[in-house]
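Generate coordinates for the sequence data below:
(one chain, ligands or ions: 2)
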Amino acid sequence: MKLSTVSELLAKVPSLKEIEIKGWVRTFRANRFIALNDGSTINNIQCVVDFEKMDESFLKRITTGAAIHIKGELVESLGRGQKVEIKVNTINILGDCDPDEFPIQPKKHTFEFLRENAHLRTRTNTFSAVMRIRSTLSFAIHKYFVDNGFYHMHAPIITGSDAEGAGEMFRVSSLNPENLPKSEDGSIDYSQDFFGKETNLTVSGQLEAETYAMSLGKVYTFGPTFRAENSNTSRHLAEFWMIEPEVAFMDLAGNMDLAEDFLKNVLKYTLEKNREDLEFLDKRFLDEEKRKPQIERSEMSLIEKLNFVINNNFKRVSYTEAIEILRQSKPNKKKKFKYLIENWGSDLQSEHERFLVEKHFKCPVILFDYPATIKAFYMRLNEDGKTVRAMDILFPGIGEIVGGSQREERLEVLKEKMAKLDIPEEELWWYLDLRKYGTAVHSGFGLGFERLIMFATGMGNIRDVIPYPRTPQNAEF
Ligand code: 4AD
Ligand code: MG
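Ligands and ions are numbered 1, 2, ... in the order given. Got it, this is the predicted structure:
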């Protein structure tokens, strides 16, 4: 007989036909009611046992966490909260679960505790909902790009270049650290390393994606990226996933339009597909918000926030306007910001981004035309000679979710910029070639996948939206 899933059965009308199901026990009440879950939905199916027909020592083995196989009939439920339930004929215990040892008890656990038990945390409603949404979003992203004529490109994970020029890379080497080969001047001789040069894990697939945009037109990458920034915040991971579209003949305005349409579209898709998961997370979100001081509380529920983003235009503001707003703002005047905004040219910290989005504009914001000095080398210099065609998208509760730009397509300007920043031309000769052979305006952006999931699920810590987070001092599992 075909195995059913909980999700399929809950959508059916009662029939006395025999069905079969396998799953894990969430709870077992009164020696009679098993709440069974198999991961197919946030909901459990109630399985009703006739305990008089079973011996006591067997019933004792039906514990939270045990894997079981049930044969029975789908019948109308008389209890509240469900239309159907399973009248159990036989139960087979596939895997026992010692209730005295199983860490996931049917009660509220802290997220810290569940992080230490990340291999079991998807046995809880919250984490199974978050990871189902993660899966949906991933699919929605591929679907959006494919539906819009983009090609998916796999950028290399091991690279010899530092795309962001921030020097926050993890080295990849097969040299023996106990016995490193040295050059005559005492420095490490990387010519003897596996690739014959220094290599690292990629911080971004953008530079390679640009090469493909300049032939295939519209491409995107969706892969893991690695950053050795020692920032132990709730928004940074050392290993995270990034989506990077890159489009030939598209300028900064087109880039903003694409990013906005894309974000709205994937959130809408998830809202439709994961309704029940989101309704569950919505309740959790509201409970969490209630515990915060009034001024920090979100004015909207999770689902309202998602709908708000989907249905409203993002506010487009230049860096220069934003600095003026920040300079005149209350927290700046009252010295409430940790980093006060004094001059044009200051980098924006997350406190400033969040002020703009959450207090001032109260909607997603696209900041553009940043000072060249605070942005990466590859961004298109504006006619004013001091700003670049960069854009960051800021979301409520998250801050920066997307970073992108129009790329510098002029060979001489790019070379000058690289020289100023001491980026050797030999390292990026192929990147410069794009500017020699049929150069053209082109643009793209990078979306931090986990930051998007944080927004979509209302989770407050980025460690809770990726299966096994990698952060400073932590690479368990
Ligand atoms: O702003 P970033 O550094 O931009 C780039 O890497 C460009 N090459 C993208 C492009 O134009 N193709 O990173 C892009 C996004 C950020 O906006 C943020 O959402 C996310 O990646 N991000 C991180 N997410 C989690 N942990 C980290 N340490 C992150 N660093 C960046
Ligand atoms: Mg950025």
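
and the nearest residue to I45 once chain neighbours are set aside, what pLDDT?
Nearest non-adjacent residue to I45, counting by CB to CB, 6 or more residues apart in numbering: V6, 4.7 Å away. (Each C-beta comes from the backbone N, C-alpha and C, glycine too.) As predicted, V6 sits at a pLDDT of 97.

switch to numbering from 17
Sure, I'll start counting at 17 from here, so that last one is V22.

Looks like V22 contacts C63 (just checking).
No: counting by CB atoms under 8 Å, V22 stays clear of C63, with 10.1 Å between them.

got the residues of this structure near ligand 1?
Residues of the chain found near ligand 1 (CB under 6 Å from any ligand atom) are 179-180, 220, 222, 243, 245, 252-253, 256, 258, 260, 416-421, 460-462, 464, 466-467.

out of these, which are inside strands?
256, 258, 260, 416-421, 460-462, 464 (DSSP state E).

okay, among these, which ones form the most distant pair?
F256 and S421 (19.6 Å; CB to CB).

more crowded one of these two?
Higher neighbour count among F256 and S421: S421, with 24 against 20, using other CB atoms under 10 Å.

Now do the contacts for that one.
268, 271, 391-392, 394-396, 404-407, 459-461 (CB atoms under 8 Å, 6 or more residues apart in numbering).

Buried residues of whatever helix or strand V146 lives in, list them for me.
Assigned by DSSP states H and E, V146 belongs to helix 141-163. Using 16 or more other CB atoms under 10 Å as the test for burial, helix 141-163 gives 141-150, 152-154, 156-157, 160-161.

Return the list of helices and strands in contact with the helix or strand just after it.
Downstream of helix 141-163, the next assigned helix or strand under DSSP H and E is strand 167-168. Counting contacts by 3 or more CB pairs under 8 Å, 6 or more residues apart in numbering; DSSP states H and E, strand 167-168 is packed against helix 141-163, strand 234-242.

helices or strands next to the very next helix or strand once past strand 167-168 in the packing?
Following strand 167-168 in sequence order, the next helix or strand is strand 174-175 (DSSP H and E). Counting contacts by 3+ CB pairs under 8 Å, 6+ apart, strand 174-175 packs against strand 215-217.

What separation do you get for T286 and F186?
Using CB to CB, to the nearest Å, T286 is found at 31 Å from F186.

In terms of neighbours, single out the busier of those two.
Taking neighbours as other CB under 10 Å, T286 and F186 compare with T286 leading, 25 against 14.

Name all residues that make contact with the more buried one.
T286 touches I149, T152, L153, A156, L294, L322, A472, counting by CB under 8 Å, 6+ apart.

Just the element for it, please.
helix 268-289.

Compute the inter-axis angle for that helix and helix 141-163.
Here helix 268-289 runs at an angle of 130 degrees relative to helix 141-163 (axes from the mean of the first three to the mean of the last three CA atoms, to 10 degrees).

what's the helix or strand just after helix 268-289 in contact with?
Heading C-terminal from helix 268-289, the first helix or strand you meet, by DSSP H and E, is helix 291-306. Helix 291-306 is contacted by residues 57-59, 141-142, 145-146, 148-149, 286-287, 313-314, 317-319, 322, 472-476 when judged by CB under 8 Å, 6+ apart.

one more time with 7 Å
57-59, 141-142, 145, 148-149, 287, 313-314, 317-319, 473-474 (CB atoms under 7 Å, 6 or more residues apart in numbering).

Please apply the same query to stretch 106-116.
With CB under 7 Å, 6+ apart, stretch 106-116 has contacts from K38, R77, T79, T80, G81, A82, A83, I84, H85, I86, K87.

No further queries at this time; thank you.
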